[in-house]
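>>> Take this sequence and fold it.
(3 chains)
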Amino acid sequence: MEDIRAVVIATLKKIAPEVEEQELKDDSPLRSQVDLDSMDWLNFLIALHGSLSIDIPEADYARLITLSDLVDYLKTKI
Amino acid sequence: MIAFKLPSLGADMDEGTLLEWRVKPGDQVKRGDVVAVVDTTKTAVDVEIWETGTLFEILVHPGEKIPVGTVIATLLAPGEVLSPGEIPPARIAEPAATGVSQRRPVSPAARKHAEELGVNLDQVTGTGPGGAVTVEDVIKAAGGHPQDKAADMRRTIAIAMSRSKREIPHYYLSETIALGNAVAWLSKVNADRPVIERILMAALFLKAVARAAGQYPEMNGFYRDGQFSQAAAVHVGVAISLRGAALGGGLIAPALHDVAEKTPGEVMKGLSNLVQRARAGSLKSSELSDPTITVTNLGDQGVESVFGVIYPPQVALVGFGRICERPWALNGEIKLMPVVTASLAADHRVSDGHRGALFLARIRELLLRPEDL
Amino acid sequence: MKISYREAMREAMREALATDPRVFLMGEDVGRYGGSYAVSKGFLEEFGPERIRDTPLSELAFVGAGIGAALGGMRPIVEVMTVNFSLLALDQIVNSAAALRHMSGGQFSVPLVIRMTTGAGRQLAAQHSHSLENWYAHVPGIRVLAPATIADARGMLAPALADPDPVIIFEHAQLYNMEDELRNDWQCDIGTARVRREGSQVSLITYGGSLPKTMQAATELAEAGISAEVVDLRVLRPLDSETIIASVQKTRRAVVVDEGWRSGSLAAEISARIMEQAFYELDAPVERVCSEEVPIPYAKHLEEAALPQVFKIVSAAKAVMGKS
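I've put the predicted structure just below:
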């Protein structure tokens, strides 16, 4: 399911246009890599909801640390 | 005839570059309409008009840089009619006819750049030979060189902050606030809400500050010409960092209007919209010119406390650090508690530490009872 | 140590004469008189009449003799007093020197160097003052050089002599007394143009006697807040388009300064190449500062009025900036 990762990155770029895909590390905390504050994070999730129709409850935020976490999580939900 | 002048879009703005007109002569305008887009050194701003009437003549064209207070257009008041003798000649400069062609001169490089940048050449004023549009003109119309923009913004921040530190005798207070109730309340509220309506803690902070500021008027207003005037309403300036660290980032603090009267959900919606527009460069002129107190929120990626610099001519700034869990004594027990350090930087010419402390304590009390916010 | 352009050229010839027995100098007044511009002063005593040869007043004859000597294995340096007089030798240069390699199917080469002065500014009137470099730069088969600095005056002769084909070196008469430090890195190629001053807003493209004026104009432009780049062509044939175009792509504006007459000038050729290769990079039409289309006048004020001058270059540069 490579395309989920692609969707995630495309969505991320809407929030943080300066992101370079090749510089993103799958296994380190996403929010500190990309400097997403809580507003950016929320907007990111709203945008993901828009493109994948997956609603991520607030209670699950704590599990979504790295890009891999997020992609794996979304795979289980789709 | 009404003269419409370029309004000041914040204390640190003394000139702006007109980017675009949203109206044309003959259009009806009413108070609050966005009529033009002006570039300050910080961002592009939608300029609102405060008169009602018919736009008569445009005096400043896209690309021109003008000082605040310059008459940029004239309006006819409702019912006003001009006799033919009063109609001034058109002032739109036509490029000099070369005798060969009436085509507007645009350099080949400018044409290529305009295509690449998606700039409409009709909106660009030419400064080259014979009024020809040059590459520089196109780049300016497209928002300028990013490096120049970053440098300009840095300079603008430098001027305002230097003035603040030079003129305002700051005093600082801080208080650690237990957010257990607020966190619990938010997760309960958010659990029932779709992602698009979720509320962030930042909205509660803004609401609490606005409510407290209404009760402590010496924190809410402007210090000008040696005296303080309190503001009638609370418009909270929200410090928003602009993305793009490579270009030097930048900071802007537009107002969220009448925060005290809004529900947390409305505050959240307003905040979300404000952040989005700040980053897209489409803030309104009133939002930049009228914050009465500023809140800076370092957010959950930051550090525990922030001691801010007041944005003149305001007199207070409230800062929030990162929310983190700490051991906390409550009812004779030690438990883990999400806490935040709230700080106040206030103007000693207007208030004293005692009142400042009461103000900060009020913010704490409000955050302890989020259901009442 | 500071030396003059004349001394630099003399040093270059002395070195060639001293190191290569095939090299000899031939021309009007190059021996006993020491050269019309004193470039070969002292050579007759130093190298003797076999190698420093005064010729009759017949450009056709002695240029032709130079071609013959080159065909026969020598490395002649032929001095023609001014470019105006070289017209008498055009037949030899264009029909023989430039064409022989082609017409012999590569069997013959003409390793000849012709030096001549060019340009106005000394009240020598219409038969001694013209800039006809472009006439030669028009002709395939010859290489045309225009040293405009002390280093190029010192450095260009050796590679010109080493070139198996005819090379014409234009020495602007106004440059002979110019002095400058000769640095150790004077050795140079005879194929490329050089950026003499870096700038970002307008390229001033020039060569030969107009280079000092153009450098002065760039300084004045800088004071007026305009960043001008100065490109010294150095080699008028073959033109180094790459350097010209790279500069114009950077600055997006060009002023070509050429002491030749505007019509059919080198400035016209350069302007055409910019149109061909950098049209979409241009932010303004190319301007030219050339000589007025009159025979160069004798009267001092008229002569000055006829030639490119610093103020004309400055005002052309301002015009392409839209700041006239």
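>>> the helices in the stretch 1-150 of chain B, which residues?
Taking DSSP state H, counting those that start in this stretch to define them, one finds helices in the stretch 1-150 of chain B at B:108-117, B:135-141, B:146-167.
>>> Highest mean neighbour count out of those helices?
helix B:135-141 (a mean of 23; mean count of other CB atoms under 10 Å in any protein chain shown). Yep, even glycine has a C-beta here, placed from its N, CA and C like the rest.
>>> which other helices and strands contact that helix?
helix B:108-117 (3 or more CB pairs under 8 Å, 6 or more residues apart in numbering or on different chains; DSSP states H and E).
>>> Tell me which helix or strand comes right after the longest helix belonging to chain C.
In chain C, assigned by DSSP state H, the helix with the most residues is helix C:5-19. Next helix or strand after helix C:5-19 toward the C-terminus (DSSP states H and E): strand C:23-27.
>>> if we can go back for a sec, can you pull the buried residues of the longest helix of chain C?
Residues of helix C:5-19 classed as buried by neighbour count (16 or more other CB atoms under 10 Å in any protein chain shown): C:Tyr5, C:Arg6, C:Glu7, C:Ala8, C:Met9, C:Arg10, C:Glu11, C:Ala12, C:Met13, C:Ala16, C:Leu17.
>>> from memory C:Glu181 sits against C:Arg154, does it?
No: assessed by CB atoms under 8 Å, C:Glu181 is found out of contact with C:Arg154, at 11.4 Å.
>>> When those two are compared, which one has more neighbours?
Relative neighbour count places C:Arg154 above the other of C:Glu181 and C:Arg154, with 24 against 9, counting by other CB atoms under 10 Å in any protein chain shown.
>>> tell me the contacts of the more buried one?
Going by CB atoms under 8 Å, 6 or more residues apart in numbering or on different chains, C:Arg154 touches C:Ala8, C:Met9, C:Glu11, C:Ala12, C:Leu182, C:Trp186.
>>> could you redo the last one with a cut-off of 6 Å?
Under the criterion of CB atoms under 6 Å, 6 or more residues apart in numbering or on different chains, the neighbours of C:Arg154 are C:Ala8, C:Glu11, C:Ala12, C:Leu182, C:Trp186.
>>> Show me the two of those residues that sit farthest apart.
C:Ala12 and C:Leu182 (10.8 Å; CB to CB).
>>> Okay, buried residues for the helix or strand encompassing B:Ser187 please.
According to DSSP H and E, B:Ser187 maps onto helix B:180-191. Neighbour-count burial for helix B:180-191, with 16+ other CB under 10 Å as criterion, is recorded at B:Gly180, B:Ala182, B:Val183, B:Trp185, B:Leu186, B:Val189, B:Asn190.
>>> Stretch B:291-302 too?
B:Pro291, B:Thr292, B:Ile293, B:Thr294, B:Val295, B:Thr296, B:Asn297, B:Leu298, B:Gly299, B:Asp300, B:Gln301.
>>> and chain B, which residues reach chain A?
Contacts of chain B with chain A, taken as CB under 6 Å from any CB of the partner chain, map to B:Ser187, B:Asn190, B:Val195, B:Ile196, B:Leu200, B:Arg243, B:Gly244, B:Val275, B:Gly299, B:Asp300, B:Gln301.
>>> Out of those, which is nearest to chain C?
Nearest to chain C among the residues of chain B next to chain A: B:Gly244, at 24.9 Å, using CB to the nearest CB.
>>> which stretches of chain B have low pLDDT?
For chain B, the stretches with pLDDT under 70 are B:11-12, B:82-103, B:146-147, B:244-249, B:301.
>>> before we move on, what about chain C?
Within chain C, the stretches with pLDDT under 70 are C:324.
>>> go again using 90 as the cut-off
For chain C, applying pLDDT under 90 flags the ranges C:1, C:122, C:322-324.
>>> Domain ranges for it, per the record?
C:2-181, C:194-320 (automatic domain parsing).
>>> okay if I get those domains as CSV plus distance to B:Arg22?
What follows is the domains of chain C, written out as CSV (distance: least, CB to CB, whole Å):
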stretch, distance to B:Arg22
domain C:2-181, 56
domain C:194-320, 29
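>>> so which of those domains comes closest to B:Glu57?
domain C:194-320 (31.2 Å).
>>> tell me, how many neighbours does the closest residue to chain C within chain A end up with?
Closest to chain C within chain A is A:Glu18: 26.9 Å, counting by CB to the nearest CB. By the measure other CB under 10 Å, the count of residues near A:Glu18 is 12.
>>> go on, B:Val23?
17.
>>> Hmm, it is touching B:Leu55, no?
Yes: applying CB atoms under 6 Å as the test, B:Val23 and B:Leu55 come out as touching, 5.2 Å apart.
>>> what residues are shared contacts of these two?
Common neighbours of B:Val23 and B:Leu55 are listed as B:Val29 (criterion: CB under 6 Å, 6+ apart).
>>> who in chain B is up against chain C?
Residues of chain B lying close to chain C (CB under 6 Å from any CB) are B:Ser107, B:Pro108, B:Ala109, B:Lys112, B:Thr127, B:Gly128, B:Pro129, B:Thr134, B:Val135.
>>> Spell out the secondary structure type for B:Glu304.
Assigned with DSSP: H, G, I helix; E, B strand; the rest coil, B:Glu304 falls in the coil class.
>>> Take the buried residues of stretch B:291-302 and keep only those in strands.
Judged by DSSP state E, the buried residues of stretch B:291-302 include B:Ile293, B:Thr294, B:Val295, B:Thr296, B:Asn297 as members of strands.
>>> Next, the residue of chain B at minimum distance from chain A: phi, psi?
Nearest to chain A in chain B, going by CB to the nearest CB, is B:Gly299, at a distance of 3.8 Å. When read as degrees, to the nearest 10, the backbone of B:Gly299 gives phi 80, psi 180.
>>> So for it, what's the nearest residue that isn't a sequence neighbour?
In this structure, B:Gly299 finds its nearest non-sequential neighbour in A:Asp37, 3.8 Å apart by CB to CB, 6 or more residues apart in numbering or on different chains.
>>> Burial check on C:Gln107, number of neighbours?
Look at C:Gln107: counted by other CB under 10 Å, it has 8 neighbours.
>>> mind listing what it touches?
C:Gln107 neighbours (CB under 6 Å, 6+ apart): none.
>>> How about the secondary structure of it?
coil.
>>> Against C:Arg101, how distant is it?
Distance, C:Gln107 to C:Arg101, by CB to CB, to the nearest Å: 8 Å.
>>> Return the residues of chain A in contact with chain B.
By CB under 6 Å from any CB, the part of chain A that sits against chain B consists of A:Ala16, A:Glu18, A:Asp37, A:Ser38, A:Met39, A:Leu45, A:Ile46, A:His49, A:Asp55, A:Glu58.
>>> and of the domains of chain C, who's closest to B:Val309?
Among these, the nearest to B:Val309 by CB to CB is domain C:194-320 (35.1 Å).
>>> ok now the closest one, how far from the chain's centre?
Here the centre of domain C:194-320 is set off from its chain's centre by 15 Å, with CA atoms, centre = their mean, to the nearest Å.
>>> Straight-line length of it, end to end?
22 Å (CA to CA, to the nearest Å).
>>> Which residue ranges of chain A form strands?
So, for chain A - with DSSP E - there are no strands.
>>> Tell me which residue in it sits closest to chain B.
Closest point on chain A to chain B, by CB to the nearest CB, is A:Asp37, at 3.8 Å.
>>> separation between that residue and A:Asp69?
19 Å.
>>> what does B:Gly143 give?
B:Gly143 is 37 Å from A:Asp69, by CB to CB.
>>> what do you get for C:Gly141?
73 Å.
>>> count of residues packed around the closest residue to B:Leu251 other than its chain neighbours?
Nearest residue to B:Leu251 in three dimensions, chain neighbours excluded: B:Ser241, at 5.5 Å (CB to CB, 6+ apart). Other residues near B:Ser241 number 18, with proximity taken as other CB under 10 Å.
>>> swap in C:Gln216?
C:Gln216, neighbours per other CB under 10 Å, totals 15.
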